[in-house]
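>>> quick one, what's the 3D model for this:
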Amino acid sequence: MKSTVIGAGSWGTAIAQLLSDNGMKVSLWARRQEVAEEIKKSRENRSYLPGVRIPDEILVTSDLNEALDGAEFVIMAVPSQSMRSIVREVRKYIKSQSVIISAAKGIEVGTLLRMSQVIKEELPKELNVDVAVISGPSHAEEVAKRLPTAVVVAAEKRDVAESVQDLFMNSYFRVYTNPDVIGVEMGGALKNVIAICAGIAEGLGFGDNTRAALITRGIIEITRLGLKMGGHSSTFFGLSGVGDVIVTCGSMFSRNRRAGIEIGRGKSVSEVVSSTNMVIEGIHTTKAAYELARKYKVEMPITEQAYKVLYEGKNPMEAVKDLMMRKGKHEIEEVVYNSWI
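Model prediction:
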């Protein structure tokens, strides 16, 4: 059985190692030839996952034909805003009846589509492929160290989800299945918005109380929009919801949190973006989430203030004050008033 990982960033590299550990024949595709050559020579991805040895059995290449030859599973571990263009490159080499797995966490700006929707739009129907998504609290740095991790796989067909579960699962990587593709994708994407906000709060000098409030109310916002789009409430309290929010808001492995810290300390968004070779997904997702909230008429005050800070230059401290001074509300949205005596 052969699997191909498209995208040699930190997550794609960690996935390739994981699948190799599981005894799969694995190819890792890097868009830039120089990156592929460096990895092949040093057996280390020094640009995105330094210090982790890449097994010799993994074929590293920048040739799509070579990478995808005979692949039954294709894992798309690419930035969300590049997903469409890369699928267009990949589709001519994909074999019929294979399974495409999105490992990206984001929403396409402009179309406001989830990654599985983007993939389906770009794949010819005659290919007859299935699409699944994988999400959850899974920093590449920890997966590469083989530290215990749990994630969720979602697909429209149960047998597809279970085949991906079998592909990934081992002694350090536990996989659950879920039929709620919308919820799993929205949870994985929207948590990056909350992580940026948690970072901004930290950069402003706030403490644990503030982070806890952001996480809790952020999960409410994610659930509110996710339900309106067709997701299920239980999903947002699972690995791709609460789990991913906790890890992304609390870890320095999170580039979204780190970006937020720098913005809270006074750096501009452009300065933060230019300071790293990594994609900060939450910046794009904030714009998409803000537009989705308007489209579906969903109240998302944290997301709205994040948008104003990132895209309109609003002072982060003013954004916090505006959030705190909103009109008082009940915590539970569907309050049973007669429960009060």
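
>>> which SS class is His284?
Counting by DSSP: H, G, I helix; E, B strand; the rest coil, the backbone at His284 sits in helix.

>>> that one and Ser80 touch, don't they?
Yes. Counting by Cβ atoms under 8 Å, His284 does reach Ser80; the two are 6.6 Å apart. Yep, even glycine has a C-beta here, placed from its N, CA and C like the rest.

>>> any shared contact partners between those two?
106-107 (Cβ atoms under 8 Å, 6 or more residues apart in numbering).

>>> between the two, which one's more packed in?
Taking other Cβ atoms under 10 Å, His284 and Ser80 do not tie; Ser80 has more neighbours (25 against 20).

>>> look up the closest residue to that one, ignoring the ones flanking it.
Nearest residue to Ser80 in three dimensions, chain neighbours excluded: Gly106, at 2.5 Å (Cβ to Cβ, 6 or more residues apart in numbering).

>>> name all residues that make contact with the one you found.
Per Cβ under 8 Å, 6+ apart, neighbours of Gly106: 79-81, 83, 115, 189, 192, 281, 284-285, 288.

>>> what does Met115 give?
By Cβ under 8 Å, 6+ apart, the neighbours of Met115 are 76, 80, 83, 102, 104-108, 133, 185.

>>> do that again at 7 Å, thanks
By Cβ atoms under 7 Å, 6 or more residues apart in numbering, the residues touching Met115 are 80, 83, 102, 104, 106, 133, 185.

>>> quick check, nearest of those to Leu64?
Top of the list for closeness to Leu64, among those and by Cβ to Cβ, is Met83 at 15.2 Å.

>>> which secondary structure element is home to the closest one?
helix 83-90 (DSSP states H and E).

>>> beyond that helix, next helix or strand please.
Helix 83-90 is succeeded, C-terminally, by strand 99-102 (DSSP H and E).

>>> how about the CA coordinates for that next one, as CSV?
Output of strand 99-102 as CSV, limited to C-alpha atoms (Å, rounded to 0.1, in the frame of the first residue of the first chain):
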residue,chain,number,x,y,z
VAL,A,99,-8.7,8.5,-1.1
ILE,A,100,-7.7,12.1,-0.7
ILE,A,101,-7.2,13.3,2.8
SER,A,102,-7.1,17.0,3.7
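
>>> local confidence estimate at Tyr337?
We have a pLDDT of 50 for Tyr337.

>>> for the residue nearest the centre of the chain, helix, strand, or coil?
For the chain, the residue nearest the mean C-alpha position is Lys105 (2.3 Å; Cα atoms, centre = their mean). Following three-state DSSP, the label given to Lys105 is coil.

>>> how much space separates Lys267 from Val153?
37 Å (Cβ to Cβ, to the nearest Å).

>>> next one: Lys191 from Leu227, what distance?
In this view, Lys191 and Leu227 are 16 Å apart by Cβ to Cβ.

>>> which of the two has more residues huddled nearby?
Each of Lys191 and Leu227 has its neighbours counted (other Cβ under 10 Å); Lys191 has more, 34 against 18.

>>> the more buried one sits in which helix or strand?
Short version, using DSSP H and E: Lys191 is in helix 181-203.

>>> how far off centre is the helix or strand just after that helix?
Following helix 181-203 in sequence order, the next helix or strand is helix 208-228 (DSSP H and E). Its chain's C-alpha centre and that of helix 208-228 lie 17 Å apart, by Cα atoms, centre = their mean, to the nearest Å.
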